[in-house]
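> Just the structure for this:
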Amino acid sequence: GPVSSLDMSEAVKMLANEKNISVDTLLHVLVDALATAYKRRPGAAAEVVVEVNPDTFEFTFLAFDVDEDGNWVNERDDTPRKEEMGRIAAQTFRQVMSQRIREAERDRKFEEYANREGDIVTGIIQQADDRYTLLDLGRVESLLPKAEQVPFERPVPGDRVKAYIVEVRKTAKGPQIVVSRTHPGLIKRLFELEVPEIADGIVEIRGCAREPGHRTKIAVWSNDHNVDPVGACVGARGGRVRMVVNELRGEKIDIVPFSEDLADFVAKALSPAKVVAVIISDDGTQADVIVPDNQLSLAIGKEGQNARLAARLTGVRIDIRGETEPVDGLDDADYEEGEWVANAETGAMEWHAADGTILTQEQWNEQAAEAGDAAAPHDDSEQAAATGDAAAQETVGADEASTDSNEPAESTGDAGATQEAGGDHV
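Numbering: from 1, shown residues only. Sure, this is the predicted structure:
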């Protein structure tokens with residue numbers, strides 16, 4: 001039978017609620033649909049404008065003819081009769097409505113997520129393959145590409161994970177949301193969720209250096225001198241930071257206080273290692289860090305990780321060395337570069353320095369003794385031994401003694417060399 005305006009109004013409102021679309025949008029779709037249906041009728045006018053009264057749901061069809069110049073002329077009311085109207089409406093509803101509703105729904109989803117780039121979302125892992133993992137965010141799915149996944153993290157379908165929205169693209173099938181688990185922004189967002197002080201702006205995360213799946217360093221700063229930024233992020237008994245670590249499946253997090261003083265900041269960034277001194281270069285791009293010998297491996301970290309993250313966090317190159325390690329390039333600078341060459345006549349080894357100076361083995365040893373440097377280098381001394389030069393062989397013996405054991409070296413090995421080698425050995 002004919003569709004009464006009351007039925008129509010109920011149907012539109014129900015549909016709007018069900019699809020989570022405004023009644024206004026739906027009415028626009030309906031008007032478009034009716035105009036399309038009208039034009040299909042035999043004897044229909046060239047153009048039509050359909051108007052609807054949103055209160056009474058009464059439709060008015062204004063028909064127009066088009067003249068040779070393309071102008072709309074001869075306006076008239078060509079509203080179909082009630083019975084016919086019902087039939088047209090029902091027919092059209094089925095055809096155009098579903099298509100338009102899908103489009104409107106897609107647009108709405110895109111609008112919802114378009115300005116959420118940089119936000120954190122929680123999704124349920126739907127399916128995972130070699131190229132990407134699909135996360136169900138509720139009304140929409142998101143894409144977690146392989147490149148944005150943490151290495152060695154196995155996505156298990158049905159698991160609930162948090163991810164960071166990197167990009168929202170508009171496609172024919174609706175919005176495509178690309179999310180990441182490796183982005184440093186994920187750390188910041190997770191801390192915002194756990195630490196109210198960060199959400200309120202009292203504590204700021206000034207820097208973040210991350211090696212996904214292994215370790216992260218963040219530098220925090222407090223705008224209120226009564227609030228300890230590190231303590232706020234760690235929480236009572238480490239409760240807050242533990243929640244973040246659990247969400248990141250056990251990735252270690254170092255929280256260091258940010259400092260305006262670069263040397264101080266570099267020292268703090270290398271924690272948990274203790275630092276003796278930091279020397280910043282004049283241009284502020286290089287930091288030489290001196291640490292106690294027993295802290296050297298801790299400061300450098302596993303495969304250089306600690307030093308690498310600290311350098312990325314502070315933005316300067318970091319060179320780390322122990323307290324007792326000699327400073328390169330200070331002693332014996334003139335004879336630093338060169339090579340050992342066997343004298344063509346005597347067969348004795350001579351040091352040919354880069355600046356053209358030539359030293360005999362004895363002169364070299366005297367200089368080495370004065371400078372507190374070790375005698376002839378190992379690879380060269382083997383060569384010297386092969387030539388059968390007694391002095392050179394003696395030196396080799398001393399060199400080996402001082403390197404391999406901590407006993408005082410005999411013959412030409414001086415005390416300085418022994419001490420130094422011993423220090424290295426320990």
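> Next secondary structure element downstream of the host helix or strand of residue 99?
In this structure, residue 99 sits in helix 98-114 according to DSSP states H and E. Once the chain leaves helix 98-114, the next helix or strand it forms, by DSSP H and E, is strand 120-128.
> name the helices or strands packed onto that next one?
strand 132-136, strand 141-145, strand 160-171, strand 174-180, helix 184-194 (3 or more Cβ pairs under 8 Å, 6 or more residues apart in numbering; DSSP states H and E). The way it works is simple: take the backbone N, C-alpha and C, and place the C-beta from them, glycine included.
> Could you give me the buried positions within it?
120, 121, 123, 125, 128 (16 or more other Cβ atoms under 10 Å).
> low-scoring stretches of this protein, by residue?
1-8, 43, 81-86, 88-97, 325-339, 354-356, 364, 370-426 (pLDDT under 70).
> So what's the residue count around residue 253?
If you count neighbours by other Cβ atoms under 10 Å, residue 253 ends up with 20.
> Wasn't it part of a helix?
No: counting by DSSP: H, G, I helix; E, B strand; the rest coil, residue 253 is not found in a helix; it is strand.
> thinking again about what came up before, dump the helices and strands packed on strand 120-128 to JSON lines, plus distance to residue 13 and mean neighbour count.
Output for these, formatted as JSON lines (distance: least, Cβ to Cβ, whole Å; neighbours: other Cβ atoms under 10 Å):
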{"stretch": "strand 132-136", "distance to residue 13": "29", "mean neighbour count": "20"}
{"stretch": "strand 141-145", "distance to residue 13": "29", "mean neighbour count": "19"}
{"stretch": "strand 160-171", "distance to residue 13": "29", "mean neighbour count": "17"}
{"stretch": "strand 174-180", "distance to residue 13": "24", "mean neighbour count": "21"}
{"stretch": "helix 184-194", "distance to residue 13": "37", "mean neighbour count": "20"}
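> count of neighbours near residue 316?
By other Cβ under 10 Å, the burial measure for residue 316, its neighbour count, is 21.
> shouldn't it be in contact with residue 283?
No: contact criterion Cβ atoms under 8 Å: residue 316 and residue 283 do not qualify, at 9.8 Å.
> The host helix or strand of residue 367 packs against which elements?
Remark: residue 367 resides in helix 361-371, with elements defined by DSSP H and E. Helices and strands touching helix 361-371, as assessed by 3+ Cβ pairs under 8 Å, 6+ apart, comprise strand 349-353, helix 390-404.
> For the stretch 201-350 of the chain, which segments are assigned as helices?
In the stretch 201-350 of the chain, the helices defined using DSSP state H, counting those that start in this stretch lie at 229-234, 239-247, 262-269, 296-300, 305-314.
> Among those helices, which comes closest to residue 64?
helix 239-247 (61.7 Å; Cβ to Cβ).
> Return the angle between stretch directions for the closest one and strand 160-171.
Orientation of helix 239-247 against strand 160-171 (axes from the mean of the first three to the mean of the last three Cα atoms, to 10 degrees) gives an angle of 60 degrees.
> Which residues does helix 239-247 contact?
By Cβ atoms under 8 Å, 6 or more residues apart in numbering, the residues outside helix 239-247 that reach it are 161-162, 187, 190-191, 194-195, 232-235, 251-253, 255.
> ditto for stretch 317-325
Residues from elsewhere that reach stretch 317-325 (Cβ under 8 Å, 6+ apart): 266, 270, 276, 285-293, 296, 299-300, 307, 310-311, 423.
> Could I have the ChimeraX command that selects the buried members from those residues?
Provided next is the ChimeraX selection string for whichever of these are buried by 16+ other Cβ under 10 Å:
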select :266,270,287,288,289,290,291,296,299,300,307,310,311
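> on that earlier part again, of all the helices and strands packed on strand 120-128, which one comes closest to residue 215?
Here helix 184-194 is closest among the helices and strands packed on strand 120-128 (Cβ to Cβ), at 11.2 Å.
> what's the spacing between the closest one and its chain's center?
Helix 184-194 sits 12 Å away from the centroid of its parent chain (Cα atoms, centre = their mean, to the nearest Å).
> One more: stretch 211-223?
11 Å.
> any chance of the helices of the stretch 201-350 of the chain in JSON lines, with distance to residue 203 too?
Listed next are those as JSON lines, based on distance: least, Cβ to Cβ, whole Å:
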{"stretch": "helix 229-234", "distance to residue 203": "5"}
{"stretch": "helix 239-247", "distance to residue 203": "11"}
{"stretch": "helix 262-269", "distance to residue 203": "16"}
{"stretch": "helix 296-300", "distance to residue 203": "27"}
{"stretch": "helix 305-314", "distance to residue 203": "17"}
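> To residue 56, which of the ones you listed lies closest?
Nearest to residue 56 among those is helix 239-247 (54.0 Å), distances taken as Cβ to Cβ.
> If I take that closest one and helix 184-194, what angle do their directions form?
Relative orientation of helix 239-247 versus helix 184-194 (the same axes, to 10 degrees): 140 degrees.
> what's the residue nearest to the spatial centre of the chain in contact with, if anything?
Among the residues of the chain, the one closest to the centroid is residue 183, at 3.2 Å (Cα atoms, centre = their mean). With contact set as Cβ under 8 Å, 6+ apart, residue 183 has these partners: 148, 164, 166.
> Quick check: residue 58 vs residue 64, distance?
20 Å (Cβ to Cβ, to the nearest Å).
> the more surrounded of these two?
Between residue 58 and residue 64, counting by other Cβ under 10 Å, residue 64 is the more crowded of the two (17 against 13).
> Check whether the more buried one really touches residue 74, as I assumed.
Yes: with contact defined as Cβ under 8 Å, residue 64 reaches residue 74; the gap is 6.5 Å.
> Residues in a beta bridge with residue 122, which ones?
With beta bridges defined as DSSP bridges, residue 122 has these partners: residue 162.
> list the contacts for it?
Residue 122 touches 137, 160, 161, 162, 163, counting by Cβ under 8 Å, 6+ apart.
> same deal with residue 151?
Per Cβ under 8 Å, 6+ apart, neighbours of residue 151: 212, 213.
> please redo it, this time with the cut-off set to 10 Å
The contact partners of residue 151, by Cβ atoms under 10 Å, 6 or more residues apart in numbering, come to 182, 211, 212, 213, 214.
> quick check, nearest of the residues you listed to residue 154?
The shortest approach to residue 154 among the contacts of residue 151 belongs to residue 213, at 11.6 Å (Cβ to Cβ).
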